[in-house]
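# sequence unknown, structure follows:
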């Protein structure tokens, strides 16, 4: 099922992974009406085949897929791809949402949800991961490569290289978060500041600590005494290292 392509609006392709045919049809219709190109599959095998064909910009993945574990599928996607993932779940426990984010999901939607909420979250994730650039970024001089303490962050190639030359895989959410930090070195950023700079809604607030923790695992030698992303008590976080741009 495909939606009407609106002039001047990028037509993003979205893959829905859910074993409920009614929900797949409803989501496909909603996304198509909003100008997206939806595809829907019933299980992990069909998901793998469709992703293998390429051209998917976002995956909406239900956690409850009968015999399959949606969290395991999310982890499988994240091992080989930076395609953004929105988890769709009937589970409201914070633990389930945190686990999903730790495995690399970019956002979550808890059932029941409104059409407006789903479309807003889809738009927000695509804006963060696929563009267009935020106005504040367009006003800055173009700076593609950030260097700090031997690390190299290439924002154009979306690639992080460690001081010993290893490429360190970052999810799209981790990449965006690190980009914010290196653009604001020595500046204390509250969770509200980070959400605003990332273009995320306040409902994501509780998960920001998880995102920071995941990023620290990738770049800090000692997470208990971080060198780069330091916690400022009752204030937020600060990227405490000089950053050079080229």
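Everything's here; your move. As the structure is a prediction and not an experimental result, all values here were calculated from the model. Residues are numbered from 1 along each chain as shown.
# Return the helix or strand in this structure with minimum mean pLDDT.
helix 135-138 (a mean of 35; mean pLDDT, DSSP states H and E).
# do you know how far residue 41 is from residue 157?
30 Å (C-beta to C-beta, to the nearest Å). Every C-beta, even on glycine, is put in place using the N, C-alpha and C of the backbone.
# The two: which is more packed in?
residue 41 (19 against 10; other C-beta atoms under 10 Å).
# ok, the more buried one to residue 59 distance?
From residue 41 to residue 59 the distance is 10 Å (C-beta to C-beta).
# Between these two, which contacts overlap?
15, 17, 47 (C-beta atoms under 8 Å, 6 or more residues apart in numbering).
# thought the second one was touching residue 63?
Put plainly, it is residue 17. No: if you go by C-beta atoms under 8 Å, residue 17 and residue 63 don't touch, sitting 10.1 Å apart.
# Looking at the two, which is more packed in?
Taking neighbours as other C-beta under 10 Å, residue 17 and residue 63 compare with residue 17 leading, 27 against 23.
# For the closest residue to residue 168 other than its chain neighbours, which three-state class applies?
Leaving aside its sequence neighbours, residue 168 sits nearest to residue 160 (C-beta to C-beta, 6 or more residues apart in numbering; 4.6 Å). Classification of residue 160 using DSSP: H, G, I helix; E, B strand; the rest coil returns strand.
# So what pairs up with residue 154 in the strands?
residue 145, residue 159 (DSSP bridges).
# so residue 178 touches residue 159, yeah?
No: with contact defined as C-beta under 8 Å, residue 178 and residue 159 do not form a contacting pair (11.5 Å).
# which residues are in contact with both of the two?
residue 153.
# the more surrounded of the two?
More crowded of residue 178 and residue 159, by other C-beta under 10 Å: residue 178, with 22 against 15.
# quick one: the helices in this protein?
Listed in chain order, the helices found in the chain under DSSP state H are 21-33, 44-53, 70-80, 94-102, 115-130, 135-138, 172-183, 191-198, 208-219.
# And the first one, what's buried?
This points to helix 21-33. 24, 27-28, 30-32 (16 or more other C-beta atoms under 10 Å).
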